[in-house]
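Enquirer: coords below, sequence missing:
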Ligand code: FES
């Protein structure tokens, strides 16, 4: 018998599937991130200089400072204190409206 997902699982699923907007504060750019895309993919396609390595939230190469919004952290390289100011853009999503990055 299949059971309904709990609230945390539901939040993760909905966060993974919705499109959200990235705002690049210093570049004055707004970029949509569709479901199935990573922020790193979108940034690189837009020509924003960004290095990635593992693309799984492990190495920390892509870690970027965020300024506003509600990141959905999915990395295993940042502490909770670090996540308060930085995000691994290869694997994180956003819980709601725009996520502003210091780029
Ligand atoms: Fe390794 Fe993002 S590329 S944490």
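Expert: It's in. Quantities reported herein were computed from a predicted structural model and do not represent experimental measurements.

Enquirer: can you list the residues of this structure near the ligand?
Expert: Within the chain, the positions near the ligand by Cβ under 6 Å from any ligand atom are 52-55, 57-62, 75, 77, 88, 90. To be clear about C-beta, it is placed using only N, CA and C from the backbone, and glycine gets the same treatment.

Enquirer: Out of those residues, which sit inside strands?
Expert: residue 88 (DSSP state E).

Enquirer: Name all residues that make contact with residue 75.
Expert: By Cβ atoms under 8 Å, 6 or more residues apart in numbering, residue 75 lies in contact with 57, 58, 60, 63, 83, 87, 88, 90, 91, 92.

Enquirer: Which of the residues of the chain next to the ligand are buried? Put it as a PyMOL command.
Expert: In PyMOL syntax, the buried subset of those is picked out as below (16 or more other Cβ atoms under 10 Å):
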select buried, resi 52+54+55+57+59+60+62+75+77+88+90
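
Enquirer: Relative to residue 19, which of the residues of the chain next to the ligand is nearest.
Expert: Checking the residues of the chain next to the ligand against residue 19 by Cβ to Cβ gives residue 90 as the nearest, at 17.8 Å.

Enquirer: Against residue 57, how distant is the closest one?
Expert: Distance of residue 90 to residue 57, computed by Cβ to Cβ, to the nearest Å: 6 Å.

Enquirer: Next: residue 21.
Expert: Look at residue 21 and residue 57: by Cβ to Cβ, they are 21 Å apart.

Enquirer: what's the answer for residue 82, then?
Expert: With distances taken as Cβ to Cβ, residue 82 is found 12 Å from residue 57.

Enquirer: With residue 43 instead?
Expert: Taking Cβ to Cβ, one finds residue 43 at 15 Å from residue 57.
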